[in-house]
Every structure is written in structure tokens, then in C-alpha cells.
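Asks: got a predicted structure here, sequence first:
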There are 2 protein chains.
Amino acid sequence: MFTDEYFMKLALQEAEAALEKEEVPVGCIIVSNGRIIARAHNLTETLNDVTAHAEMQAITSAANFLGGKYLQNCTMYVTLEPCVMCCGALNWAQISKMVIGARDAQRGFINKNLKLHPKTEIVTGVLEGECSAIVKQFFKTRR
Amino acid sequence: MFTDEYFMKLALQEAEAALEKEEVPVGCIIVSNGRIIARAHNLTETLNDVTAHAEMQAITSAANFLGGKYLQNCTMYVTLEPCVMCCGALNWAQISKMVIGARDAQRGFINKNLKLHPKTEIVTGVLEGECSAIVKQFFKTRR
């Protein structure tokens, strides 16, 4: 039951919450030992703060929950490939596993030849169609 | 009087405040139209949060002060070259000018072939000796 698709659907719910606030719709969830310890969505416009990406907020929340800054035994499910900033933060956090929905060829870290921590396992393409569609739809309506 | 060295000295005072808390001693200041609108130092250990670099806190503070997420007409003075995470954040913020004290060959963004925003002017090597010494001393006493 608790598959990658299951948790990615919850991350998509977070993306939908961002969409309702007219934010770029990106959501994420952090799971530790089968338990959700953080959920967040992009709030850069609401907070007037470029650092308020979903991943950044979730890293801070999860570390607060765990009482330590390293996200060991933690998996992040994120609807869109992390940017340079979030990649850097995830690297510092040494997160165990990253599950990514849609790729972001232009802003994502992969095409910039950046790497996450050597300990971090990466899975891409989980619910890619849905994760990609929500972002594409957002930018279509904004033009 | 209000030279780059003048503001970098204030950033160094922030780095010293970090050192007193046994944090990696990095400090920064953001100046807008000759006025200091943010000052911060690294708090990753104190807050148990990898995202609590001096630059990240200062970006959030400055945006809050300005009421907008873009740091136009703003200069950041930072004692150590920003990492990948902070480079990504500064890129999103489109900061006008970066004044960097010491280089960070291993963790800094420059050797990773990352760039700040095309609008951002970069100056390096301001009070480099002092900015480098405080970090070196910190790691020496930790070994």
C-alpha cells in the first residue's frame, strides 16, 4: 500500500494547495520509517521569499521533528525536480532517498551537472505525467 | 567612508558572533541604498537546520524588509564564498552585487561552474586574509 506512488499522490495534493494560492505548484512530503514527518508546498509569492520552496520548508520541518539536521532514513517525495538551491540544501542534509515526479530540464539540478550526497538514492519519473501536467497548466494560464 | 572594506568588517563581526556559538564562522550583511537592511550569521548547529546559512537568513530578512522577493539595488557582503544552496538562492533573488571575502575552493559555487544571476556584479577578495583566517582557525581548533 505505501508505495512511491502513494506518497507522490500526497505530494501532488501539496502542489494543488500551492496552485490554489497562485504559487508555482510544487509539493513535497518527507517520510521516515513509514511515517510522514513533513509536508510542504511552494510559498515564494505568499511569503515574498525566494527561499520558500517546498523542499526547503520540508527540510527545516523534518530536521525540527527529528531534532537533528541530518535527514538519515528519510525519503523526500517531490513533484518537480529540485533547483540548484534545493539540491544544495538536500546535499547538506544527506537525505537518504529522493523520489522525483517531473523533470525540470531548465531549472533542475540534473542538467547543471550537480549531484546530491553520495549516500542519496534517486528515483525519477514517479507519477511523472500528473506532476508535469500541473506545472504546465499553471504556466499556460499565466501567459 | 562606506567602502566595501567597511561593510565587510561588519560581516566579519557577524562571523565572530557565529564563532562564539561554535558555528562555522560565516557572516553577512545586506546593504540597500547605503543602509544596512539585514545582518546574519551561520546558525546551522544552533537551529539544527542545514538551511540556516548566514546568506539564506539575510535574503529572507532583506526581502521581508523590502516587501518584495527581488533584492534589486542590494549588495551582499559575505565573509566566505557562498555554497551551492546559497548560490541558488542568490540567483533566484537577482541580487545586484555580491562582495565576497574568502574563497571556498571545495564547497563554493565558483569551482562548480555555477553562476549567479546575469544582473549580479561580483567582487572577490575584500579583507580576504581576515575572512579566511577566522574559518581556518575554527577548523584547526576542531581537529
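Replies: Thanks, I have the structure now. Numbers count the residues shown, from 1 in each chain, chains lettered A, B, ... in the order given.

Asks: name the helices or strands packed onto the helix or strand bottoming out on mean pLDDT in chain A?
Replies: Every helix and strand in chain A was compared by mean pLDDT, DSSP states H and E; the lowest is helix A:128-142, with a mean of 94. On a contact count with 3 or more Cβ pairs under 8 Å, 6 or more residues apart in numbering or on different chains; DSSP states H and E, helix A:128-142 meets helix A:4-20, strand A:74-80, strand A:97-102. The C-beta positions use only the backbone N, C-alpha and C, and glycine is treated the same way.

Asks: tell me the mean pLDDT for the longest one?
Replies: So the one you mean is helix A:4-20. Computed over helix A:4-20, the mean pLDDT rounds to 98.

Asks: by contact count, what packs against it?
Replies: Using 3+ Cβ pairs under 8 Å, 6+ apart: helix A:4-20 touches strand A:27-32, strand A:35-41, helix A:54-66, strand A:74-80, strand A:97-102, helix A:128-142.

Asks: can you redo these as TSV with distance to B:S132?
Replies: What follows is the helices and strands packed on helix A:4-20, written out as TSV (distance: least, Cβ to Cβ, whole Å):
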stretch	distance to B:S132
strand A:27-32	36
strand A:35-41	36
helix A:54-66	29
strand A:74-80	34
strand A:97-102	34
helix A:128-142	42
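
Asks: was I right to think A:T46 contacts A:A17?
Replies: No. A:T46 is beyond contact range of A:A17, at 10.9 Å (criterion: Cβ atoms under 8 Å).

Asks: more crowded one of these two?
Replies: The neighbour count for A:T46 versus A:A17, taken as other Cβ atoms under 10 Å in any protein chain shown, is higher for A:A17 (18 against 13).

Asks: for B:Q94, which of the helices and strands packed on helix A:4-20 is the nearest?
Replies: Nearest to B:Q94 among the helices and strands packed on helix A:4-20 is helix A:54-66 (17.8 Å), distances taken as Cβ to Cβ.

Asks: skipping adjacent residues, who's closest to A:T46 in space?
Replies: If the residues on either side of it in the chain are set aside, A:T46 comes closest to A:K21, at 5.6 Å by Cβ to Cβ, 6 or more residues apart in numbering or on different chains.

Asks: pretty sure that neighbour contacts A:A52?
Replies: No. Using Cβ under 8 Å, A:K21 makes no contact with A:A52, being 11.4 Å away.

Asks: shared neighbours, these two?
Replies: Common neighbours of A:K21 and A:A52, using Cβ atoms under 8 Å, 6 or more residues apart in numbering or on different chains, are A:43, A:46.

Asks: with neighbour numbers in mind, choose between those two.
Replies: More crowded of A:K21 and A:A52, by other Cβ under 10 Å: A:A52, with 20 against 12.

Asks: tell me how many other residues crowd the closest residue to the more buried one other than its chain neighbours.
Replies: For A:A52, ignoring the flanking residues on the chain, the nearest one in space by Cβ to Cβ, 6+ apart is A:L43 at 4.3 Å. Close neighbours of A:L43, defined as other Cβ under 10 Å, add up to 19.

Asks: which residues touch A:L43?
Replies: A:18, A:21, A:23, A:49, A:52, A:54, A:57.

Asks: close to chain B: what parts of chain A are there?
Replies: Remark: the part of chain A in contact with chain B comprises A:44-45, A:48-51, A:56, A:59-60, A:63-64, A:67-69, A:83-89, A:91-93, A:112-114, using Cβ under 8 Å from any Cβ of the partner chain.

Asks: need the contact list for the residue nearest the centre of chain A.
Replies: By Cα atoms, centre = their mean, chain A has its centre lying nearest to A:V78, at 3.0 Å. Listed by Cβ under 8 Å, 6+ apart, the contact set of A:V78 reads A:11, A:26-28, A:54-55, A:98-101.
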